[in-house]
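**Student:** Build the 3D model from these lines:
(2 chains)
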There are 2 protein chains.
Amino acid sequence: MLDKIDHIGIAVRDLDAAMARYTALCGQAPGHLEEVPSQKVKVAMFDVGGSRLELLMATAPDSPIAKFIDKRGEGMHHICFKVANLEAALARMTGAEIEIVQGASGEGVGESRVAFLHPKSLMGVMVELVEQG
Amino acid sequence: MLDKIDHIGIAVRDLDAAMARYTALCGQAPGHLEEVPSQKVKVAMFDVGGSRLELLMATAPDSPIAKFIDKRGEGMHHICFKVANLEAALARMTGAEIEIVQGASGEGVGESRVAFLHPKSLMGVMVELVEQG
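**Tutor:** As a prediction, this is how the structure comes out:
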């Protein structure tokens, strides 16, 4: 089972411009700002009813977000679901032939344990699973 | 303020194949199946922690979902947020120069009142707002 939508990742070119628009959309400023050097991104998080919108701007041309925008333009990049037990969730994916891109060794924002599932297994949707520490 | 993420719409080519994969992802079968003739789509809804994933398959070549897939391939199509008051939310969007594609006259699944915001206003993300009746 998936506990909830943890966040939706959105790839943007200009974080300041995007924050202005999403502040209007959400009716409040981002609750959290962070730079994640390992992923070469700056992040702005907006709280929405127990989930979050995660705006992602590349900080280098070889950032995964820069590559995504080069290929597809700005827009929704991934959905992250919170799970209680990452290994149990990954075992269920393997049984259903859903390809795991990056296993449970990755570390996400705030030191959570994360894994990514390949978009080709899920009709074009990149899925992240997070087990909070 | 946005109350919560109501659902994430995902455009798929083959609803049966997509339902099999998303049943594995979610750990449960879809909670709701529906055909929406006005939008020329078949819909499968999966409950995830108070939000839903909405798989959308076109039932005709001129369906908005068929056009989306022709242009961008399968994948995330829109995010729908629940709001308490649709007119108040739309007034906030207009003030922030966020373009409204389709105003409050539209009707969504289950007779709710909905509006759509243009992706170019929100960094490539199509946003739906829903006020539940």
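**Student:** A:Ser121 and B:Val48, how far apart?
**Tutor:** 17 Å (Cβ to Cβ, to the nearest Å). C-beta: built from backbone N, CA, C; applies to glycine.
**Student:** Looking at the two, which is more packed in?
**Tutor:** B:Val48 (26 against 20; other Cβ atoms under 10 Å in any protein chain shown).
**Student:** surely the more buried one meets A:Ile79?
**Tutor:** No: shown here, B:Val48 and A:Ile79 do not form a contact pair, counting by Cβ atoms under 8 Å, at 9.3 Å.
**Student:** any common contacting residues for the two?
**Tutor:** Common neighbours of B:Val48 and A:Ile79 (criterion: Cβ atoms under 8 Å, 6 or more residues apart in numbering or on different chains): A:Ile5.
**Student:** okay, which residue of chain A is out on the far edge from center?
**Tutor:** A:Gly95 (23.6 Å; Cα atoms, centre = their mean).
**Student:** show me what contacts the residue nearest to that residue when sequence neighbours are not counted?
**Tutor:** Closest residue to A:Gly95 apart from its sequence neighbours, by Cβ to Cβ, 6 or more residues apart in numbering or on different chains: B:Ala24 at 7.2 Å. Neighbour list for B:Ala24: A:Arg92, A:Met93, A:Gly95, A:Ala96, A:Ile98 [criterion: Cβ under 8 Å, 6+ apart].
**Student:** Mind telling me what element the second one is part of?
**Tutor:** Remark: A:Met93 resides in helix A:86-95, with elements defined by DSSP states H and E.
**Student:** Confirm for me that A:Val83 is in contact with A:Leu90.
**Tutor:** No: with contacts counted by Cβ under 8 Å, A:Val83 stays clear of A:Leu90, the gap being 9.0 Å.
**Student:** joint contacts of these two?
**Tutor:** A:Leu129.
**Student:** more neighbours, those two?
**Tutor:** A:Val83 (24 against 18).
**Student:** In contact with the residue nearest to the more buried one when sequence neighbours are not counted, which residues?
**Tutor:** Distances taken as Cβ to Cβ, 6+ apart place A:Ala89 nearest to A:Val83, at 4.4 Å, with adjacent residues excluded. A:Ala89 makes contacts with A:Leu2, A:Val83, A:Ala115, A:Leu129, as judged by Cβ under 8 Å, 6+ apart.
**Student:** between these, which is nearest chain B?
**Tutor:** Taking Cβ to the nearest Cβ as the measure, chain B lies nearest A:Leu2 of the contacts of A:Ala89, at 5.0 Å.
**Student:** The closest one contacts A:Cys80, correct?
**Tutor:** No: the criterion here is Cβ under 8 Å, and A:Leu2 misses it with A:Cys80 at 10.1 Å.
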